[in-house]
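sequence and predicted structure, then a few things I'm wondering about:
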Amino acid sequence: MVKWYNSLETKLTVSFLVLILLVSMSTFSFTVQEAKTAITDQMKEELILSANIMSSQVDGDLLNQIHGEGDTENEAFIQVYKKLDELRGDNTDIITYLYVLRLDDEGNARFIVDVDYLEDGIVDVYADDLYEDAPIEDIEKGMVGPHASDEPYTDEWGTFMTGYAPIYDSDGNVAGVLGVDFDIATVKEKQDFLSSLVYYILVGSILAATSVILYFSRTIIKELNSITKVANSISNGELNVDLPEIKSKSEIYELNEGMRSVLAVVEFLTDEVEQNSIEGGV
């Protein structure tokens with residue numbers, strides 16, 4: 001009897017399972033990576049669109065009236081703050097921070113107005129505060145036109161993706177840059193959900209494919225074993241055997257029909273030998 005590790009059924013099953021696992025792992029990695037890229041790109045588009053629309057509603061002439069530290073109690077600061085607070089509205093679960101920046105003469109980023117700077121009507125952060133961990137390159141691009149950070153970045157307030165757009169005054173000059181922060185947790189949540197979804201789909205596909213492989217391999221091996229049993233009987237001189245009925249029109253069917261022809265020839269030759277023996281004895 002063939003040992004299980006030499007069995008054709010085992011070899012077929014293991015071979016197909018290894019192939020399925022390799023293909024599935026490659027598909028999973030590729031799909032998840034492409035999905036993450038797509039989600040990030042979608043987030044960038046949303047940031048650019050949001051920043052562009054919001055920046056067009058902020059008065060650049062008011063920003064030009066906000067100068068230096070402590071200049072947070074003048075009317076211009078209050079109006080810009082209220083406008084930003086209105087723009088953010090009920091989207092605090094999506095927009096983490098909304099603010100306006102400008103670059104000073106030394107190229108450092110400084111806050112002009114931030115909607116989180118007013119708490120219970122009290123200003124606890126002054127206008128013109130230095131943004132120490134600012135992504136200067138992204139801010140500079142945001143002064144030219146709508147732009148979003150390519151990758152998440154981390155500062156003292158957390159990890160974000162940010163959209164930027166210039167704010168113009170009535171003369172068409174850039175008075176500041178609007179910044180819109182999306183918390184990276186929003187992106188990561190979408191990516192994790194999609195990764196889990198793809199994972200469960202692939203696991204289900206692997207289980208289904210495994211069941212199909214086991215079914216067909218066992219069917220094939222069962223038919224082969226039936227033919228092998230007949231061949232062994234014939235080799236032992238047992239001609240009174242019944243060949244199995246193979247319904248599938250496959251190679252196994254042709255092998256079974258070939259065995260039927262062989263059996264017919266053997267029976268014919270056996271009858272001839274017996275007949276000659278009888279005639280010779282007479």
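Nice, thanks for sending it over.

what packs against the host helix or strand of Asp192?
Element membership of Asp192 [criterion: DSSP states H and E] is helix 184-235. Judged by 3 or more C-beta pairs under 8 Å, 6 or more residues apart in numbering; DSSP states H and E, helix 184-235 is in contact with helix 8-55, strand 158-168, helix 251-281. Heads up, the C-betas are built off the backbone N, CA and C, glycines and all.

looking at those, which one is packed in the most?
When those are scored by mean count of other C-beta atoms under 10 Å, the highest mean neighbour count falls to strand 158-168 (a mean of 22).

parallel or antiparallel, which strands does that one pair with?
Strand 158-168 has its sheet partners listed here by DSSP bridges as strand 147-148 (antiparallel), strand 153-155 (antiparallel), strand 174-183 (antiparallel).

turn those into JSON lines, including distance to Tyr97.
JSON lines is the format used below for those (distance: least, C-beta to C-beta, whole Å):
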{"stretch": "strand 147-148", "distance to Tyr97": "15"}
{"stretch": "strand 153-155", "distance to Tyr97": "10"}
{"stretch": "strand 174-183", "distance to Tyr97": "4"}
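
and the ones you listed, which one is worst for confidence?
Lowest mean pLDDT within the strands paired with strand 158-168: strand 153-155, a mean of 77.

distance check, Ile48 against Leu197.
Per C-beta to C-beta, to the nearest Å, Ile48 is found 27 Å from Leu197.

neighbours of Ala231, how many?
By the criterion of other C-beta atoms under 10 Å, Ala231 has 15 neighbours.

list phi and psi for Glu106.
When quoted as degrees, to the nearest 10, the phi and psi of Glu106 stand at phi -90, psi 0.

repeat that for Asp114.
phi -140, psi 130.

to Gly145, which of the helices and strands packed on helix 184-235 lies closest?
strand 158-168 (6.9 Å; C-beta to C-beta).

for that closest one, give the mean pLDDT please.
89.

thinking again about what came up before, the helices and strands packed on helix 184-235: which one's closest to Ala185?
Between the helices and strands packed on helix 184-235, strand 158-168 lies closest to Ala185; by C-beta to C-beta that is 8.1 Å.

and the angle from the closest one to helix 8-55?
Using axes from the mean of the first three to the mean of the last three C-alpha atoms, to 10 degrees, one finds that strand 158-168 and helix 8-55 are set 40 degrees apart in direction.

please save the CA atoms from strand 158-168 in CSV.
C-alpha atoms of strand 158-168 as CSV (Å, rounded to 0.1, in the frame of the first residue of the first chain):
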residue,chain,number,x,y,z
GLY,A,158,-0.2,64.7,17.1
THR,A,159,0.1,63.0,13.8
PHE,A,160,-1.8,64.5,10.9
MET,A,161,-2.3,64.9,7.2
THR,A,162,-2.8,68.6,6.3
GLY,A,163,-4.3,70.5,3.4
TYR,A,164,-3.1,74.0,2.6
ALA,A,165,-4.4,76.9,0.4
PRO,A,166,-3.4,80.5,0.1
ILE,A,167,-5.6,83.3,1.4
TYR,A,168,-5.5,86.5,-0.8
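
any idea how far the closest residue to Lys44 other than its chain neighbours is from Tyr81?
Once flanking residues are discounted, Lys44 sits nearest to Ala148: 4.0 Å by C-beta to C-beta, 6 or more residues apart in numbering. From Ala148 across to Tyr81, the span is 24 Å (C-beta to C-beta).
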